[in-house]
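Colleague: Coordinates for the following, if possible.
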Amino acid sequence: MRSARQLTAALLVAVAAFTISCSDRGMPTAPATPPQADLVGSLLQETGLLKCSPLPYDSVTAVIGPTGGTITVGPHTLAIPYGALSAPTTITGTLPQGQGVNAIRFYPQGLQFARPASLTMSYANCNLLGSLAPKQIAYTTDALTILSYLLSIDNLFTRKVTGQVNHFSEYVVAW
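Modeller: The predicted model follows:
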């Protein structure tokens, strides 16, 4: 019985202390500074091109026909499936220089595929903050204005993102 009274008295003291502290309406205080986690929250809400250190210039040309094939340009790979092209086609991929992003251009520009090809782009040389957000591949203009995003899958472990390509143009790693 005695311990029940002590427990009740302790609870009453705790409730009274909580009530007094919550009802303290002293001088107004300055707004609270946002927590550091807000940096990640605002980072995830924005989208744009992932900033990267420059890759060395590379240009690769290959003839790919109806049976499909792959072309690797720097750390990026384009896999063209069987039946995507109706005839042998000369394909060139280049890594543009001086843009601060991981970009790749394919020629002949505007080439359409009967079946989607898979473009895998590395972002191993890109900044760490951008790697917190899921990556995707963006279809851009030559001036790097995003026109649309490809259906993409991001692999954080390999630091590569793969997207479905239906036609040729310029593609950039985005988040």
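Colleague: which residues sit in contact with the residue nearest the centre of the chain?
Modeller: Residue closest to the mean C-alpha point of the chain, counted by CA atoms, centre = their mean, is K135 at 1.7 Å. Going by CB atoms under 8 Å, 6 or more residues apart in numbering, K135 touches L50, Y123, S152, D154, V161, V173, A174, W175. Where C-beta positions appear, they are placed from N, C-alpha and C, glycine not excepted.
Colleague: which stretch of helix or strand covers the fifth one?
Modeller: So that's V161. strand 160-167 (DSSP states H and E).
Colleague: Pairing partners for that strand, with directions?
Modeller: strand 112-122 (antiparallel), strand 152-155 (antiparallel) (DSSP bridges).
Colleague: would JSON lines of those strands with mean pLDDT be doable?
Modeller: Putting those into JSON lines (pLDDT from 0 to 100) gives the following:
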{"stretch": "strand 112-122", "mean pLDDT": "96"}
{"stretch": "strand 152-155", "mean pLDDT": "94"}
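Colleague: For the protein, just list every one of the helices.
Modeller: With DSSP state H, the ranges of helices along the chain come out as 2-22, 37-45.
Colleague: picking up where we left off before, and the contacts of K135, which is the shakiest by pLDDT?
Modeller: The lowest pLDDT within the contacts of K135 belongs to W175, with 81.
Colleague: Look up the closest residue to that one, ignoring the ones flanking it.
Modeller: Of all residues not flanking W175 in the chain, A133 sits nearest, at 4.2 Å (CB to CB, 6 or more residues apart in numbering).
Colleague: Hmm, V173 and that neighbour touching each other?
Modeller: No. With contact defined as CB atoms under 8 Å, A133 does not reach V173; the gap is 11.3 Å.
Colleague: quick one, which of the two is more surrounded?
Modeller: Neighbour comparison, A133 and V173: the larger count goes to V173, with 28 against 18 (by other CB atoms under 10 Å).
Colleague: quick one: buried residues of stretch 96-111?
Modeller: Using 16 or more other CB atoms under 10 Å as the test for burial, stretch 96-111 gives P96, Q99, V101, N102, A103, I104, R105, F106, L111.
Colleague: from the residues you listed, which single one is nearest V63?
Modeller: L111 (13.0 Å; CB to CB).
Colleague: which regions of the protein sit below the pLDDT cut-off?
Modeller: Along the chain, the model assigns pLDDT under 70 to residues 1-47, 128-131.
Colleague: how does it look with 90?
Modeller: Within the chain, the ranges that satisfy pLDDT under 90 run 1-48, 50, 96-100, 109-110, 126-134, 142-144, 156-157, 168-169, 175.
Colleague: pretty sure G48 is touching Y149, no?
Modeller: No. Assessed by CB under 8 Å, G48 is found out of contact with Y149, at 11.4 Å.
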